[in-house]
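Student: Take a look and give me a structure for this.
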Amino acid sequence: MRPSPNAPIRALATSVRCVPSRRRSFQLGLHLGLGFVLALALLAAGPAAADSSPRKLGRGLANMTLGVIVVPAKVIETTRERGPFLGATWGLAKGLGWMVATEAVGVFEFLTCPFETPPDFKPILDPEFPWGHYQDAETRKSSKKEVKRRSVFTRDR
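Tutor: Here you go, the predicted structure:
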């Protein structure tokens with residue numbers, strides 16, 4: 001019986017693991033991904049009131065990834081102000097509009113974080129982070145000027 005010409009290569013390939021296993025490569029990717037997220041979090045952490053490039057980067061990432069949480073916030077806010085029917089219809093429409101705007105502004109801020117596009121890196125949206133719709137709803141409503149609404153059926157002369 002004659003040995004095959006590839007026998008030494010097969011023996012070497014089975015004894016030495018030249019190719020990393022899928023599990024090891026998954027673990028390596030997981031560790032690199034966690035390291036990247038940790039580095040971004042450390043870059044975004046800074047003085048609370050200072051607007052800077054890392055804060056703009058963090059704002060952009062938060063708005064891109066968490067923009068969807070604005071939808072239930074607007075439904076809840078509209079339900080509390082105007083009732084359940086308008087909360088389920090108009091609140092949902094407002095929430096979807098805010099979600100699109102929040103995510104678009106997030107992409108813009110993420111891409112332009114090195115540049116001082118709004119002067120002094122000021123936020124574009126009123127609650128600069130998506131979770132601000134839950135935390136400051138009453139504060140934001142009380143700080144806005146009270147606008148007197150005119151009735152459609154009466155004329156102010």
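
Student: hey, let's count contacts and neighbours off CA atoms from now on
Tutor: Will do.

Student: residue boundaries of the strands in this structure?
Tutor: Taking DSSP state E as the criterion, the chain contains no strands.

Student: Show me where it dips below the pLDDT cut-off.
Tutor: Along the chain, the parts satisfying pLDDT under 70 run over 1-26, 28, 30-50, 136-157.

Student: pull the longest helix from it.
Tutor: helix 84-111 (DSSP state H).

Student: List the buried residues for that one?
Tutor: By 16 or more other CA atoms under 10 Å, the buried positions in helix 84-111 come out as 86-88, 90-96, 98-110.

Student: would you list every one of the helices in the protein?
Tutor: Ranges of helices within the chain are 7-15, 22-44, 53-66, 70-82, 84-111, 132-135, 137-143, based on DSSP H.

Student: ok, now which ones touch Gly87?
Tutor: When contacts are counted by CA atoms under 8 Å, 6 or more residues apart in numbering, Gly87 touches Lys74, Val75, Ile76, Glu77, Thr78, Thr79, Arg80.

Student: Now the buried members of those residues.
Tutor: Here, 16+ other CA under 10 Å leaves Lys74, Val75, Ile76, Glu77, Thr78, Thr79 buried among the contacts of Gly87.

Student: how about CSV for the residues you listed, with distance to Lys56 added?
Tutor: Putting the buried ones among the contacts of Gly87 into CSV (distance: CA to CA, whole Å) gives the following:
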residue, distance to Lys56
Lys74, 24
Val75, 27
Ile76, 28
Glu77, 27
Thr78, 29
Thr79, 32
